[in-house]
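1. Model the following, please.
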Amino acid sequence: MMLHSALVLCLLLITVSSNLAIAIKKGKRPPQTLSRGWGDDITWMQTYEEGLFHIQKSNKPLMVIHHLEDCQYCQALKKVFAQNKEIQEMAQNNFIMLNLMHETTDKNLSPDGQYVPRIMFVDPSLTVRADITGRYSNRLYTYEPQDLSLLIENMKKALKLIQSEL
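-> Down below sits the predicted model:
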């Protein structure tokens with residue numbers, strides 16, 4: 001009798017643990033470290049060079065977000081960026097995405113200085129689109145949380161420019 005109940009208990013434990021493993025697998029995937037909180041469902045590039053390679057291959061624009069972990073303005077922008085469904089969808093489907101916490105060697109990515117947050121677009125011809133700007137004349141490529149509609153507009157503009165210039 002003792003052996004029988006030990007066997008039943010053993011089988012029960014195996015069933016429960018395998019069902020638990022299946023349930024864990026079906027859950028939301030763990031946050032991607034490259035997203036750094038900007039959107040875990042977006043495929044993020046690791047380097048600027050990798051981003052440039054992928055825009056030529058895919059014919060999609062590259063969106064480069066410069067930010068720092070200890071910058072309150074970056075954190076505020078990141079929060080609304082990650083929560084905005086339209087931005088997340090466009091970023092997932094129509095852009096090659098890169099978020100950087102350091103400067104690149106490409107001086108074209110800092111035409112008016114190395115400040116954060118800064119968002120720039122690079123088209124598949126490897127041209128940094130200095131013509132796609134935010135609303136501040138002293139920091140042309142910065143966006144604040146209340147500027148999301150302008151950022152969405154600029155993302156659409158980056159996509160339109162590619163279609164019209166090809």
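
2. what about the helix or strand hosting Leu161, average pLDDT?
-> Assessed by DSSP states H and E, Leu161 sits inside helix 148-165. The average pLDDT within helix 148-165 is 91.

3. packing partners for it?
-> Helices and strands touching helix 148-165, by 3 or more Cβ pairs under 8 Å, 6 or more residues apart in numbering; DSSP states H and E, are helix 72-83, helix 85-94, strand 118-122. Heads up, the C-betas are built off the backbone N, CA and C, glycines and all.

4. need these in JSON lines with mean neighbour count, mean pLDDT and distance to His54, can you?
-> Listed next are the helices and strands packed on helix 148-165 as JSON lines, based on neighbours: other Cβ atoms under 10 Å; pLDDT from 0 to 100; distance: least, Cβ to Cβ, whole Å:
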{"stretch": "helix 72-83", "mean neighbour count": "17", "mean pLDDT": "97", "distance to His54": "20"}
{"stretch": "helix 85-94", "mean neighbour count": "15", "mean pLDDT": "98", "distance to His54": "13"}
{"stretch": "strand 118-122", "mean neighbour count": "23", "mean pLDDT": "96", "distance to His54": "11"}
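
5. so which of these gets nearest Leu62?
-> Across the helices and strands packed on helix 148-165, Leu62 has its closest neighbour in strand 118-122 (4.2 Å, Cβ to Cβ).

6. what's the angle between that closest one and helix 148-165?
-> Using axes from the mean of the first three to the mean of the last three Cα atoms, to 10 degrees, the inter-axis angle of strand 118-122 relative to helix 148-165 is 10 degrees.
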